[in-house]
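A.B. asks: just coords:
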């Protein structure tokens, strides 16, 4: 009789231990998946960062090229540089706060503002045939347009990664592990005012 009871206790204990091990294994699996999804978000934003920095780096060369022809458009050129500097600051802030929707919104607004300033510059440049024919200006314009397309593609990839991460950690039971393992905050989407950044208008520099 005592042997039977002892065997029953061992069976119950074994089941409890097994369930505990299964729970731990599941928790580890969820945690690893959360880390994987979060790393994808971080990597996706780094792709946006690369392209935005490229955009920012092209602006000074563009302004220097235009400066020789637009001597009477100082205000327009200064507006582009000011917008570029604001966008640089917005990117730096957002890169360190991917879970802050306000920081992402400020980045989006700054980039849209830069796009608007560039649009005004290109509109003014239309009235200067020599500038339109400048080979450096042609090259910079093409590089900017190409960069805008890559930014749009990278932003879509980032938002897809954010959605996957946020959705997974909000579901049950992963939400329990997420709260216990430091994944309680959502990552913020990056939404521009339109599906693409405001691009320089299509102008014929030929």
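C.D. replies: That came through fine. Predicted model only: the values in this text are computed from it and were never measured.

A.B. asks: now the strands for this structure?
C.D. replies: Assigned by DSSP state E, the chain shows no strands.

A.B. asks: what about the most centrally placed residue in the chain, distance to residue 114?
C.D. replies: Nearest residue to the geometric centre of the chain (C-alpha atoms, centre = their mean): residue 45, 3.8 Å. Plainly put, residue 45 is 18 Å away from residue 114 if you go by C-beta to C-beta, to the nearest Å. To be clear about C-beta, it is placed using only N, CA and C from the backbone, and glycine gets the same treatment.

A.B. asks: likewise residue 154?
C.D. replies: In terms of C-beta to C-beta, residue 154 sits 16 Å off from residue 114.

A.B. asks: more crowded one of the two?
C.D. replies: residue 114 (26 against 20; other C-beta atoms under 10 Å).

A.B. asks: which residues does that one contact?
C.D. replies: 55, 59, 80, 83, 84, 86, 87 (C-beta atoms under 8 Å, 6 or more residues apart in numbering).

A.B. asks: Spatially, which two of those are the most separated?
C.D. replies: Maximum pairwise distance among the contacts of residue 114 (C-beta to C-beta): 13.1 Å, between 55 and 86.

A.B. asks: Look at the two and report which has more neighbours.
C.D. replies: Set residue 55 next to residue 86 and count neighbours by other C-beta under 10 Å: residue 55 wins out with 24 against 18.

A.B. asks: Okay, now the unreliable bits of this structure?
C.D. replies: Counting by pLDDT under 70, the chain contains low-confidence residues at 1-5, 7, 193-206.

A.B. asks: what's the longest helix along it packed up against?
C.D. replies: Identified as the longest helix of the chain according to DSSP state H is helix 2-67. The contact analysis (3 or more C-beta pairs under 8 Å, 6 or more residues apart in numbering; DSSP states H and E) places helix 2-67 against helix 74-95, helix 101-125, helix 135-170, helix 174-180.

A.B. asks: Now stretch 40-48: buried residues?
C.D. replies: Neighbour-count burial for stretch 40-48 flags 40, 41, 44, 45, 47, 48 (criterion: 16 or more other C-beta atoms under 10 Å).

A.B. asks: and if you look at stretch 20-34?
C.D. replies: For stretch 20-34, using 16+ other C-beta under 10 Å, the buried residues are 27, 30, 31, 34.

A.B. asks: Also stretch 148-160?
C.D. replies: Buried, per 16+ other C-beta under 10 Å, within stretch 148-160: 148, 150, 151, 152, 154, 155, 157, 158, 159.

A.B. asks: Relative to residue 96, which of these is nearest.
C.D. replies: Nearest to residue 96, judged by C-beta to C-beta, of these is residue 158 at 15.5 Å.

A.B. asks: rewinding a little: excluding chain neighbours, what is closest to the residue nearest to the centre of the chain?
C.D. replies: residue 158 (5.4 Å; C-beta to C-beta, 6 or more residues apart in numbering).
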